[in-house]
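# got a sequence here, can you build the structure:
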Amino acid sequence: MSLSEKITSDLKDAMRAKDSTKLAVLRSLKSALTNFIIEKYGADGKLEASEEIAVIRTAIKQRQDSIEKFEEAGRSELADKEKIEEGILEKYLPAALSETEVCKMIEEAIQETGATSRKEMGQVMKLLQSKTEGRVDNKTLSSAVMKRLS
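The predicted structure follows:
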């Protein structure tokens, strides 16, 4: 079962269970996926798994930004709602890599590219992003690579 099919199935389950929060989040996600397909491939297109994960990561990032803004404004009830939505979305991401696995992959990528300074960070990041396939947040990945190359 593809990720899109799983989301559609869970959307139907949320309707049956009358879970309004999950239903709203999944509808929003389904809409974001559809919009991405139309933008990139037209109406008859189909996304690859890595592209689906990228759309989900974008939705999670939007929630995280909202949480930060709501907490700064003292709106904890809205921040809590966004945290719940973020938790629902995170269930659709592949299992995250551990810190030791990330460090190992960074070392391999640095050796493979021959990078020695921050100037070559782009090459390392490009290789790592293809290897990690969305199992690590890019922000975490870039800070770890930057730390290693400095």
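
# could you use CA atoms for every contact and neighbour count after this?
Fine.

# now Leu29: how far from Ala95?
Distance check for Leu29 against Ala95: by CA to CA, to the nearest Å, it reads 19 Å.

# who has more neighbours out of those two?
Leu29 (23 against 11; other CA atoms under 10 Å).

# report the buried residues of the strand or helix carrying the more buried one.
According to DSSP states H and E, Leu29 maps onto helix 20-41. Neighbour counts using 16 or more other CA atoms under 10 Å place 22-23, 25-26, 29-30, 32-34, 36-37 of helix 20-41 among the buried residues.

# packing partners for the helix or strand following it?
Sequence-wise, the next helix or strand downstream of helix 20-41 (DSSP H and E) is helix 49-72. Contacts defined by 3 or more CA pairs under 8 Å, 6 or more residues apart in numbering; DSSP states H and E place helix 49-72 against helix 3-17, helix 20-41, helix 76-90.

# residues in contact with helix 49-72: which ones?
2-4, 29, 32-33, 36, 76, 78-80, 82-83, 85-86, 89-90, 92-93, 133-134 (CA atoms under 8 Å, 6 or more residues apart in numbering).

# which residue ranges make up each domain of this protein?
3-90, 99-149 (automatic domain parsing).
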